Structure formats: structure tokens, C-alpha cells
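K.L.:
Build me a structure from this.
(one chain, ligands or ions: 1)
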Amino acid sequence: MSKHLPKKLQQLLAFLRKWPGVGQKTAERYLFEILKWKEDDIQNFSSLLIDLPKTIQSCPDCLALSEVVDQKVHCPFCHDLSRRDSSQLCIVADSKDCFHLEETNSFGGHYFVLGALLSPLKGVFPDNLPLEKHKLRIQNLNPEEIVFALDSTVEGDATVSYLKQFLSGYPKIAFSRIAFGIPLGSSLEYVDSGTLFRAMQSRLRLKDPR
Ligand SMILES: [Zn+2]
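P.N.:
Modelled structure (predicted):
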């Protein structure tokens, strides 16, 4: 269908296809949905997109995406240091992981966003990670524990291994990684062996011997 569309709509369609998981058919559905919007909505949507580089920027300390208020980056995590536990620093790959973790109310420390995971296949090498900023973050916060909240993938494993080595000059800081295990509500018979292996490795002690 798309090759018969007016050129401007084909260009818009090409942008809509950039969304992860959106194929040709879904992009076409989105396109025709947008065409039904009121002009005001289209204007507001486009001006939000146009303003994004000015209104949303990375926090200079943790690199999480933050709103710019009065030309100052207003980080949701760093703006009020008294509300965060500076003894814990959580390393995530992407800004969205910070917001996801915040939803769980399971972590009250600080964050640092790597922006990517090491992946030679995708051209991501240590030089592409903000490692010096990472060290600066550690020196400023002086945490007792660094928690790696990274994907349970080859890239996540490689990044944790590299960072452990890179940060070996901080012997007093404990390193931990979020546990891997079976999804809530699932039965063992449906869990793949790799996940089960990780779950066994990450098991929790329910009772210590007396
Ligand atoms: Zn921040």
C-alpha cells in the first residue's frame, strides 16, 4: 500500500516504523489514526517533539533523562539529595530502567545510566561508555554498595564483568547484581533451563542453621 501513498505520508510512515516492534501494517494503522486527529492535537504533538532537545536533557550527574526547568536540568533523582540513600549506587543501562525501578519502591539510592551495554557486535566498546563520569559519580557519592541492574543477557554479563574489573580500585565498595529467577506466578515446568540455573544460583536463604 505504502508505495501508492502521497510522498509526505510515506515519509511519516518511515518514522513510525522506527518504533520497536512496529511493522509495516501497524505503522500504517498508526498513520491513518494520526490523520484522524484534530489539528490542535497534531500541532501539540509535533511541538512537543520539536522541543524535546531543549526540554529533556541528561542529568550531568547520573545521566538520567530529566526535564529542563528555567534552563536548569531538574533530575528527578538528584535534585533532592536528602531524600536518597547515598550509600547505594545502582548502575542501569538506560534511563527508562531508573523509572521502572522507581515504580517498584525497592530502591532508594542513587543511579548511574550507562546508556548502553557492551556489545562488540553492535559496535559498543568500553570507550563508548561514560566510564570516567562513572568514576566521578562514585568519588562524589562514596557509596558502600554498587548494584548492577543490567539485563540478563550476554551483553549484560559482559558489561558487569568489565565494570567489576574497571572498578577494582574500590576495594571497600560491595558489588551486587539484581537476582535472576522465575517470573512471579509461573510454574517451574514452564521455565527454561537457563533461567532455572540462574534462579538456583540466586536462591534466597530462608533459614540459617542453628
Ligand atoms: Zn541525576
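
K.L.:
quick one: average pLDDT of stretch 84-93?
P.N.:
Stretch 84-93 shows a mean pLDDT of 95.

K.L.:
Tell me which residues are up against that stretch.
P.N.:
By C-beta atoms under 8 Å, 6 or more residues apart in numbering, the surrounding residues in contact with stretch 84-93 are 77-78, 98, 101, 107-117, 134, 137-138, 141-151, 156, 159, 163. Every residue, glycine included, has its C-beta placed from N, CA and C.

K.L.:
Of those, select the buried ones using a ChimeraX command.
P.N.:
Buried residues within those, by 16 or more other C-beta atoms under 10 Å, are selected in ChimeraX with:
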select :77,78,98,101,107,109,110,111,112,113,114,115,116,117,134,137,138,141,143,146,147,148,149,150,156,159,163
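
K.L.:
Just the contacts of stretch 84-93: which are in strands?
P.N.:
G109, H110, Y111, F112, V113, E145, I146, V147, F148, A149 (DSSP state E).

K.L.:
List the contacts of the second one.
P.N.:
This points to H110. Contacts of H110 (C-beta under 8 Å, 6+ apart): C62, F77, C78, R84, D85, S86, Q88, L89, C90, R137, L141, P143.

K.L.:
mind checking the backbone torsions on the fifth one?
P.N.:
The phi and psi values for D85, taken as degrees, to the nearest 10, are phi -90, psi 110.

K.L.:
Between the ones in strands among the contacts of stretch 84-93, which sits nearest the ion?
P.N.:
The shortest approach to the ion among these belongs to Y111, at 6.9 Å (C-beta to the ion).

K.L.:
Touching, the closest one and C75? I think so.
P.N.:
No - assessed by C-beta atoms under 8 Å, Y111 is found out of contact with C75, at 9.3 Å.

K.L.:
Quickly list what's touching both of the two.
P.N.:
Shared contacts of Y111 and C75, counting by C-beta under 8 Å, 6+ apart, come down to C62, A64.

K.L.:
show me where pLDDT drops low in this protein?
P.N.:
1-2 (pLDDT under 70).

K.L.:
Residue numbers of it in contact with the ion?
P.N.:
C59, D61, C62, C75, F77, C78 (C-beta under 5 Å from the ion).

K.L.:
ok, and the closest non-adjacent residue to the fourth one?
P.N.:
For C75, the nearest residue in space outside its immediate sequence neighbours is C59; the separation is 3.6 Å by C-beta to C-beta, 6 or more residues apart in numbering.
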